[in-house]
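Chemist: Structure for this input, please:
(chains A and B, ligands or ions: 1)
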Amino acid sequence: MKVLVPVKRVIDYNVKVRVKSDQTGVDLTNAKMAMNPFCEIAVEEAVRLKEQGIASEVIVVSIGPKACQEQMRNAMALGADRGIHIECNEFPESLQVAKLLAKVVEQESPGLVIIGKQAIDSDNNQTGQMLAALTDMPQGTFASKVNVAGQSVQVTREIDGGLQTLTLSLPAVVTTDLRLNEPRFAKLPDIMKAKRKPLAVMTTEELGVDITSRISTLKVTPPPVRAAGVMVENVAELLTKLRNEAKVIS
Amino acid sequence: MSILVYAEHDNAQLKTETHKLVTAALQLGEKVHILVAGHQCGAVARQAASVEGVSEVFVADNEAYAYQLAENIGALVVSLADNYSHVVAAATTTGKNFMPRVAALLDVAQISDVIAIESADTFIRPIYAGNAIATVQSQDSIKVMTVRVSAFDAAAEGNDAPLVELDTVIENQQVTFEHAEMTKSERPELTAANIVISGGRGMQDGENFSMLESIADKLGAAVGASRAAVDAGFVPNDMQVGQTGKIVAPQLYIAVGISGAIQHLAGMKDAKVIVAINKDPEAPIFQVADYGLVADLFIALPELDSALT
Ligand SMILES: Cc1cc2nc3c(=O)[nH]c(=O)nc-3n(C[C@H](O)[C@H](O)[C@H](O)COP(=O)(O)OP(=O)(O)OC[C@H]3O[C@@H](n4cnc5c(N)ncnc54)[C@H](O)[C@@H]3O)c2cc1C
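Modeler: Down below sits the predicted model:
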């Protein structure tokens, strides 16, 4: 069974973004970029399936500018076997990404697609579900446990009230939550080896997908800043302030 | 323009998320319909009909909808969507699960996590963990959107909208529900509570959360946690507040032993009043706190507990 893992290049999660003064977006000049943390978890899960002999091949896909290949090489250093880069100047919206991935699914026929539940830049949480709908695969979103057995996969999902476990027939789409696993660090020899793994480049035209977005961003502004607070000396002072000044407790 | 609102419920009770969605929907247009999909959910449907501003309630009551499986719910919503200008659901794990399917099957984009509505096609939503706020305009014929309900007030009850039963049954054979482990709590729900007290890694273990629970019970508060506290197994996953957990906007948020990472702040910085208790005066949480107390939580919490009656 092949496992397909889409990965996204995003700003490193430790970096606090700044909004551009012309309000057209956030300033990414010289910002540290990295693989989206949820995608890293997806790669790790796929590699573990390969180590268990369940997956035969782990294929990473990334969509966006050439620089995405850096994150694809990272994924290959972590154990992915080969890569497919769909090169385009911008990062398309989720629906267009899902359509492109659906084409790759058609070509590669993976048994499982493991994909991060959200990208920490757009915070959309859409692509995996859209891909599942477009390819008529069942979905197990926000997974904290994945167990492949024969022709199906059991997925434990983190939901608002607790945990829910589903069985999906394969092929299926799984989206990763934070507690699915702890990704490993790449070792130096693996980083070297990853440079020689096959990486195919395609265009959106070749896949026949129009990536024009139907959402326009009119402006991007910084969030409202909270007024500076005060430090209190002790619990008694805190309670007095909460009762008499903020009036949030009685 | 008609708006379809997807009801959030647990088959027994309508959740306040739905009342908040109705408030958002009424800013989009006048005709608001609610869809209640579930199993043995008659009481929920009647409650939905009582929400002010709603003109019709559709009820799809079938076993296939009991667990809100995305495959079934998504297809059901798609079967109704043509009559609407907007389809709206809460940005809960239910809405996030099935709504992108609706959008994809209708071949439209989804707008996630809307926090304000400028007009029928222009919406405001946070990106980058809330460190930037985007105003976006949709050119799609049907707008599919999830709403961050903490940003809207709840519509009142007192209405008596007509109920319409739907007999559409969609049962996808590729997915089966196995079981659920739901966290039981007598305390208010995190996303609905007026006061939230959360613990982080500084709590050291799950047992120490009883200190927070005791205070929570005195204040009528819900108990939350940081990711570190959940990852360490102190408390269950559904208590996580943050970018990838629950978003809360209570009157009062008390962060105890939480450093204040960007991802945690994304889930609570819209609280009216923030209190931070942390032994490290440099902890970033103090930058957003209205009231900061530098203290060892193992001393401060018992003090706080005994000072409350
Ligand atoms: C993709 C991604 C998504 C994430 N999503 C979330 C999310 O949704 N929610 C979330 O919370 N995090 C999230 N995180 C994790 C986040 O980056 C932080 O790691 C996490 O919030 C830290 O939790 P913490 O503050 O409890 O722990 P720490 O950062 O370890 O802070 C513990 C704090 O406790 C204080 N402390 C220790 N002992 C005491 C004591 N005795 N008395 C008083 N204070 C004490 C310390 O001074 C310290 O400030 C995410 C991270 C990633 C990469």
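
Chemist: Could you confirm whether any residue of the lengthiest helix in chain B contacts chain A?
Modeler: The single longest helix within chain B, with elements called by DSSP state H, is helix B:93-106. Yes - Helix B:93-106 reaches chain A (CB under 8 Å from any CB of the partner chain) through B:Thr93, B:Thr94, B:Lys96, B:Asn97, B:Phe98, B:Met99, B:Pro100, B:Arg101, B:Ala103, B:Ala104, B:Leu105. Placement of C-beta: from N, CA and C, glycine included.

Chemist: The second one: neighbouring residues, count only.
Modeler: This points to B:Thr94. 25 (other CB atoms under 10 Å in any protein chain shown).

Chemist: again, but for B:Thr122
Modeler: 15.

Chemist: From what I see, it and B:Thr135 are in contact.
Modeler: Yes - counting by CB atoms under 8 Å, B:Thr122 touches B:Thr135, with 6.5 Å between them.

Chemist: shared neighbours, these two?
Modeler: A:Leu218 (CB atoms under 8 Å, 6 or more residues apart in numbering or on different chains).

Chemist: What parts of chain A come near the ligand?
Modeler: A:Tyr13, A:Pro37, A:Ile120, A:Leu178 (CB under 6 Å from any ligand atom).

Chemist: Using the three-state scheme, assign the first one.
Modeler: When classified by DSSP: H, G, I helix; E, B strand; the rest coil, A:Tyr13 comes out as coil.

Chemist: what sits against it?
Modeler: Counting by CB under 8 Å, 6+ apart, A:Tyr13 has contacts A:Ala34, A:Pro37, A:Ile120, B:Ile262, B:Gln263.

Chemist: Find the nearest non-adjacent residue to the residue of the stretch 1-150 of chain B found nearest the ligand, please.
Modeler: In the stretch 1-150 of chain B, the residue that lies nearest the ligand is B:Ala129 (8.0 Å; CB to the nearest ligand atom). The shortest distance from B:Ala129 to any non-neighbouring residue, by CB to CB, 6 or more residues apart in numbering or on different chains, is to B:Ala266 (4.0 Å).

Chemist: ok, the one you found to B:Leu301 distance?
Modeler: The gap separating B:Ala266 from B:Leu301 is 25 Å, by CB to CB, to the nearest Å.

Chemist: Tell me where chain A has strands.
Modeler: Here chain A has its strands, by DSSP state E, at A:2-6, A:9-11, A:33-35, A:57-64, A:82-87, A:112-116, A:139-149, A:152-159, A:162-169, A:172-176, A:199-203, A:215-221, A:230-232.

Chemist: hmm, back to that, among the contacts of A:Tyr13, which one is most surrounded by other residues?
Modeler: Within the contacts of A:Tyr13, A:Ile120 tops the neighbour count with 24 neighbours, counted by other CB under 10 Å.

Chemist: Name the residues of stretch B:182-194 that come out as buried.
Modeler: B:Ser185, B:Pro188, B:Glu189, B:Leu190, B:Thr191, B:Ala192, B:Ala193 (16 or more other CB atoms under 10 Å in any protein chain shown).

Chemist: show me what contacts the fifth one?
Modeler: By that I understand B:Thr191. A:Asp160, B:Glu17, B:Thr92, B:Val149, B:Ser150, B:Lys246, B:Ile247, B:Val248.

Chemist: which residue packs closest to the residue nearest in space to the middle of chain B, ignoring adjacent ones?
Modeler: Nearest to the mean C-alpha position of chain B, by CA atoms, centre = their mean, lies B:Thr92 at 4.5 Å. Leaving aside its sequence neighbours, B:Thr92 sits nearest to A:Asp160 (CB to CB, 6+ apart; 5.3 Å).

Chemist: ditto for A:Gly64
Modeler: Among residues not flanking A:Gly64 along the chain, A:Phe91 sits closest, at 4.7 Å (CB to CB, 6+ apart).

Chemist: do the same with B:Asp61
Modeler: B:Asp61 sits nearest to B:Cys41 (CB to CB, 6+ apart), 5.6 Å away.

Chemist: how many neighbours does the residue nearest to A:Gly64 have?
Modeler: For A:Phe91, using other CB under 10 Å, the count is 20.

Chemist: can you check A:Ala228 too?
Modeler: 9.

Chemist: now the one 5 residues further on
Modeler: Close neighbours of A:Glu233, defined as other CB under 10 Å, add up to 10.

Chemist: Same check on A:Leu131?
Modeler: There are 30 residues near A:Leu131, going by other CB under 10 Å.

Chemist: for B:Ala37, same thing?
Modeler: For B:Ala37, using other CB under 10 Å, the count is 27.

Chemist: right, and it touches B:Glu63 too?
Modeler: No - using CB under 8 Å, B:Ala37 and B:Glu63 do not qualify as a contacting pair, with a distance of 11.5 Å.

Chemist: correct me, but A:Val209 touches A:Lys99?
Modeler: Yes - checked against CB under 8 Å, the pair A:Val209 and A:Lys99 is within contact range at 4.7 Å.

Chemist: just to revisit the earlier point, reformat the contacts of B:Thr191 into a markdown table and put pLDDT and secondary structure next to each item.
Modeler: Below are the contacts of B:Thr191 laid out as a markdown table (pLDDT from 0 to 100; DSSP: H, G, I helix; E, B strand; the rest coil):
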| residue | pLDDT | secondary structure |
| --- | --- | --- |
| A:Asp160 | 93 | coil |
| B:Glu17 | 97 | helix |
| B:Thr92 | 97 | coil |
| B:Val149 | 96 | helix |
| B:Ser150 | 94 | helix |
| B:Lys246 | 96 | strand |
| B:Ile247 | 96 | coil |
| B:Val248 | 96 | coil |
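
Chemist: Done for today, thanks.
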